[in-house]
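Peer 1: Just need the structure, nothing else, for what follows:
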Amino acid sequence: MSLLRRQGWVAGLLVLFAALMVATKLIQPGYGAEDFGSLVRAALPYAFAVAAQAIVVIAGGVDLSVAAMMALASVTAAVLMDGASEQQALLVVPFVLALGCGLGALNGALIVLTRVPDIVVTLAMLFVLQGVALLVLAAPGGGAAQWLRAAIVGTVPLPGVPEDVTAWIPKALVLLLACLGLVWIPLRRSRLGLSIYAIGSSELAAFRSGVPVAWTRIAAYAGAGLFSAMGGLALTMSTGIGAPIPGPYLLASVAAVVLGGVALGGGRGGLLGPIIAVFVLRLVRTDLTLLAVDPNIASIIEGAIMVVVVMFGAFLAIGGRAR
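Peer 2: Got it, this is the predicted structure:
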């Protein structure tokens, strides 16, 4: 019962997602496991973008360069993998992840050393990284290793489990949970994870308690860079090419973070809620498409939902500071 109280927001999101799945089934009775797999693959880059944003917001900041970092990671992977052997492509993945981690750490270091607000630094980096991505690849192109693309296509067979059940376990979902779990669970339980929550709650109190605020902030942005690089790889895996133009991941990441229960003021929340929120928002888009709503109108509705969610989160943050 206490667990339910602590995770009430997440439970509410799960109920909302289940209700939307039922609505989707009513709208299109033929909606099945294959369609759910397509939904997960479409949501994969968004989920990593949200994870990147969440870790920074928990630390009391914001990162406007997430989408541009994803674009740079995507084109870097696509260019390096184009024409490379399957074995050589294995080395590209850790390189791109290290690149994202380094760029994120650079964001954090600039914020700490210059004391310029994070929103200004990351906005500047957005333009810088977007320009670099276009220098690496001026137009969508490049390639992706077959084994990498196969990692998100199909389902995961389980011994002794009927196929109609495993059909609802897409590889993309397993990959997402594995990547997030391998990074977030150890981080959340570590001293660094506690420090990230501490500086998000009160930087001054954390400093007085002996928390290395500067290094913790840099580490939080480095973690965001790592998740952004995963998002860029997910883009390349999904399409088979690199995308140099940042997609609509920035506002979507902020909206899903707020909808997922992370306080914009920092210090509260996790990754589970925001990830479920990603699927909620993508399923709303799917339902609008199934209802044959004009794409322009659907974009307006989706954008309006995101703006309302972000405004609501900002209102809660202001109210929290006032108290």
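Peer 1: From now on I want contacts and neighbour counts done on CA atoms only, so please keep to that.
Peer 2: Fine.
Peer 1: Would you agree R188 is in contact with L194?
Peer 2: Yes. Contact criterion Cα atoms under 8 Å: R188 and L194 qualify, at 6.8 Å.
Peer 1: The stretch 101-250 of the chain: helices as residue ranges?
Peer 2: 118-136, 146-150, 163-166, 171-189, 191-201, 203-208, 213-239, 249-259 (DSSP state H, counting those that start in this stretch).
Peer 1: Could you export those as TSV, including mean pLDDT?
Peer 2: What follows is those, written out as TSV (pLDDT from 0 to 100):
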stretch	mean pLDDT
helix 118-136	95
helix 146-150	88
helix 163-166	76
helix 171-189	91
helix 191-201	92
helix 203-208	90
helix 213-239	94
helix 249-259	87
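Peer 1: I'd like those laid out as TSV, including mean neighbour count and distance to I111.
Peer 2: Formatted as TSV, the helices of the stretch 101-250 of the chain follow (neighbours: other Cα atoms under 10 Å; distance: least, Cα to Cα, whole Å):
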stretch	mean neighbour count	distance to I111
helix 118-136	18	6
helix 146-150	15	35
helix 163-166	12	46
helix 171-189	16	22
helix 191-201	22	14
helix 203-208	15	14
helix 213-239	27	8
helix 249-259	26	19
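Peer 1: would you turn those into CSV with distance to V156?
Peer 2: As requested, the helices of the stretch 101-250 of the chain are exported to CSV (distance: least, Cα to Cα, whole Å):
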stretch, distance to V156
helix 118-136, 34
helix 146-150, 12
helix 163-166, 6
helix 171-189, 6
helix 191-201, 31
helix 203-208, 44
helix 213-239, 17
helix 249-259, 27
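Peer 1: So which of the ones you listed is nearest V22?
Peer 2: Of all those, it is helix 163-166 that lies closest to V22, at 17.5 Å by Cα to Cα.
Peer 1: And the closest one, how far out from the chain middle?
Peer 2: With Cα atoms, centre = their mean, to the nearest Å as the basis, helix 163-166 stands 28 Å off its chain's centre.
Peer 1: Could you do stretch 220-233 as well?
Peer 2: For stretch 220-233 - counting by Cα atoms, centre = their mean - the centre lies 8 Å from the chain centre.
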